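J.: sequence below, structure please.
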Amino acid sequence: MRKTIVFLDQQSWLGGAQRVLEATLDSVAEHYDCIAAFPDSGPFRSALAARAVETIDIPIGTYKSGRKSPLEMVVFALRSIYCGVKLARTIRRRRIALVYVNGPRCLPAGVLAAWLTRRPAIFHLHVILSRRLEILMVRSLAWRLSRILACSNAAAESLVGMVGRHRWLSAKTQVLYNPLRQRRESRLTWHRERPTRPRRACVTIGAVGRITPVKGLHLLLQAVADLPADMRRKVQILIVGAEAPGCDTDLRYRRNLQSEAKRQGLEGQILWAGYQNDPRPSYARMDVLVHSALSEAMCLVILEALDRGVPVIAARTGGIPEVVRDGFNGMLVTPNDAAALARALELFISRRRLREQLQAGARCSLDRRFSIETFSSRIRTFIGQLCPLTERN
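T.: Numbering: from 1, shown residues only. Down below sits the predicted model:
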């Protein structure tokens, strides 16, 4: 009899963590029955259902970024207890063998359900834990987790802390880098995909991802506005992404960005491409990807850009320096520093030899750590250790 795994996710729309979850489901679907639990309906949940992946409700509440008020934290705690008890009943009734938690918001409910049913639990950490309360919560729940998978060394260190202080936590934490689902077929294919550039000097700066304050798009607009006037006129900005559905904070942020672009005289140089289910074709239009996030554990769009031969200018934060090598495949700048970003852009735009050097580095910078084959093999190993395909005698 096939064993069943329940996967808990804190949002039902498609983001980086959900794309990794999709790769996880694909890696184990041949041997296990999979159930995905979500707090509400959304495009990612609908896409899984269309692929015949069973989905269920976990009423943990809608995901909202940013700091939480004391009342919101109390409500979250009560919801987590309710969801944990309800999920435990489902686990017993459906004879679910493993609980897989794909985000910190679902962690209390998942750990409680695993404890009540004596099931193993895996926690996939996709973020940098920076708030003290958040770190304490995850560490206090980690005693009941069987395995913690961190998407980068930086993500793991944000949880584990200094080497030697939490050896028991280090022992159950493994780094598993996010995978590239599809690699470019060949360098010849890559050259065919890139459009022919006009003879005039023009540099297209790309930004891909959710439009939300922590991604730092306001820093990109300010940096471009700070460029010398003759250089600024040669820049085009391509923004691929949208705000989270139903998130007022993101919506206000987008409106502020558009107002700021108009104030800085950049309105006509920006193309707002909106959300793209598959952003990969957009990279062929970029000379450089700018990722000015204030905090980032390991960004899939950076991997995708490098795989398409697009160098990256990014903030030196989180797991980004684990893949972007300053001067080889991109440039690293001080986080939350528009002036430093402007200086990097000025160098990139003004020095053709530097651009060519970084493009060459981008094309050969990704190794097997980021391959889907490595990811799938390790996921199956981790899950197989806790949930063997056949019972041992």
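J.: need the nearest residue in space to Glu322, chain neighbours excluded.
T.: Ser152 (5.5 Å; CB to CB, 6 or more residues apart in numbering). For glycine as for every other residue, the C-beta is placed from the backbone atoms N, C-alpha and C.
J.: what does stretch 50-60 contact?
T.: 6, 8, 10, 25, 29, 33-40, 45, 48-49, 76, 79-80, 82-83, 86-87, 90, 105-106, 109 (CB atoms under 8 Å, 6 or more residues apart in numbering).
J.: let's see 7 Å
T.: By CB atoms under 7 Å, 6 or more residues apart in numbering, the residues outside stretch 50-60 that reach it are 8, 10, 25, 34-39, 45, 48-49, 79-80, 83, 87, 90, 105-106, 109.
J.: Val20 sits in which helix or strand?
T.: With elements taken from DSSP states H and E, the one containing Val20 is helix 16-28.
J.: rewinding a little: tell me which of the contacts of stretch 50-60 fall in helices.
T.: Cross-referencing the contacts of stretch 50-60 against helices under DSSP state H gives 25, 45, 48-49, 79-80, 83, 87, 90, 109.
J.: out of these, which is nearest to Arg368?
T.: Using CB to CB, the shortest approach to Arg368 within the ones in helices among the contacts of stretch 50-60 belongs to Leu25, at 21.6 Å.
J.: what sits closest to the closest one if chain neighbours are left out?
T.: Cys34 (5.4 Å).
J.: list the beta-bridge partners for that neighbour.
T.: On the basis of DSSP bridges, Cys34 is bridged to Ile5.
J.: that one contacts Thr24, correct?
T.: No - using CB atoms under 7 Å, Cys34 makes no contact with Thr24, being 8.9 Å away.
J.: compare these two and say which is more crowded by neighbours.
T.: Thr24 (25 against 18; other CB atoms under 10 Å).
J.: how far away is the more buried one from Pro70?
T.: 35 Å (CB to CB, to the nearest Å).
J.: just the helices in the stretch 101-250 of the chain please.
T.: Assigned helices in the stretch 101-250 of the chain, in chain order: 107-117, 132-141, 153-160, 167-171, 187-193, 217-225, 229-232, 248-263 (criterion: DSSP state H, counting those that start in this stretch).
J.: okay, the ones you listed in TSV with mean neighbour count and distance to Ala338 next?
T.: Converted to TSV, these look like this (neighbours: other CB atoms under 10 Å; distance: least, CB to CB, whole Å):
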stretch	mean neighbour count	distance to Ala338
helix 107-117	23	35
helix 132-141	14	27
helix 153-160	22	23
helix 167-171	13	37
helix 187-193	12	31
helix 217-225	22	4
helix 229-232	12	14
helix 248-263	15	12
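J.: nearest to Cys364, of the ones you listed?
T.: Per CB to CB, nearest to Cys364 of those: helix 187-193, 9.7 Å.
J.: for the residue nearest to Leu25, give me its contacts.
T.: 5, 7, 25, 28, 53.
J.: Thr374: which of these is nearest?
T.: Nearest to Thr374 among those, with distances taken as CB to CB, is Val28, at 15.1 Å.
J.: wait, isn't the closest one in contact with Thr381?
T.: No - using CB under 7 Å, Val28 is not in contact with Thr381, being 10.8 Å away.
J.: neighbour count winner among the two?
T.: Higher neighbour count among Val28 and Thr381: Val28, with 22 against 10, using other CB under 10 Å.
J.: so how far is Val74 from that one?
T.: From Val28 to Val74 the distance is 36 Å (CB to CB).
J.: likewise for Gly161?
T.: 27 Å.
J.: need the per-residue pLDDT for the residue nearest to Glu322.
T.: pLDDT recorded at Ser152 is 95.
J.: surely it meets Pro321?
T.: No - with contact defined as CB under 7 Å, Ser152 does not reach Pro321; the gap is 9.6 Å.
J.: which one of those two is surrounded by more residues?
T.: Ser152 (25 against 16).
J.: quick one: the more buried one from Gly327, how far?
T.: 21 Å.
J.: got it, and Asn277?
T.: For Asn277, the distance to Gly327 - CB to CB - is 34 Å.
J.: what do you get for Val208?
T.: On the measure of CB to CB, Val208 and Gly327 end up 23 Å apart.
J.: who has more neighbours, those two?
T.: Taking neighbours as other CB under 10 Å, Val208 and Gly327 compare with Val208 leading, 25 against 11.
J.: looking at that one now. What's its pLDDT?
T.: The model's pLDDT for Val208 equals 95.
J.: who does it bridge with?
T.: Note on Val208: beta-bridge partners by DSSP bridges are Val240.
J.: check contacts around it.
T.: 240-241, 279, 282, 289, 301.
J.: so where do the strands sit in the chain?
T.: All strands of the chain, identified by DSSP state E, fall at 4-8, 33-38, 54-57, 96-101, 121-125, 147-150, 173-175, 203-208, 235-240, 270-274, 288-291, 312-315, 330-333.
J.: now these in TSV, with distance to Glu346?
T.: Formatted as TSV, those follow (distance: least, CB to CB, whole Å):
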stretch	distance to Glu346
strand 4-8	45
strand 33-38	45
strand 54-57	48
strand 96-101	44
strand 121-125	36
strand 147-150	35
strand 173-175	35
strand 203-208	11
strand 235-240	11
strand 270-274	19
strand 288-291	12
strand 312-315	11
strand 330-333	11
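J.: quick one: closest of these to Ile135.
T.: Across the strands of the chain, closest to Ile135 is strand 121-125 (CB to CB), at 11.2 Å.
J.: and the closest one with strand 4-8, angle?
T.: Angle of strand 121-125 versus strand 4-8, following axes from the mean of the first three to the mean of the last three CA atoms, to 10 degrees, is 40 degrees.
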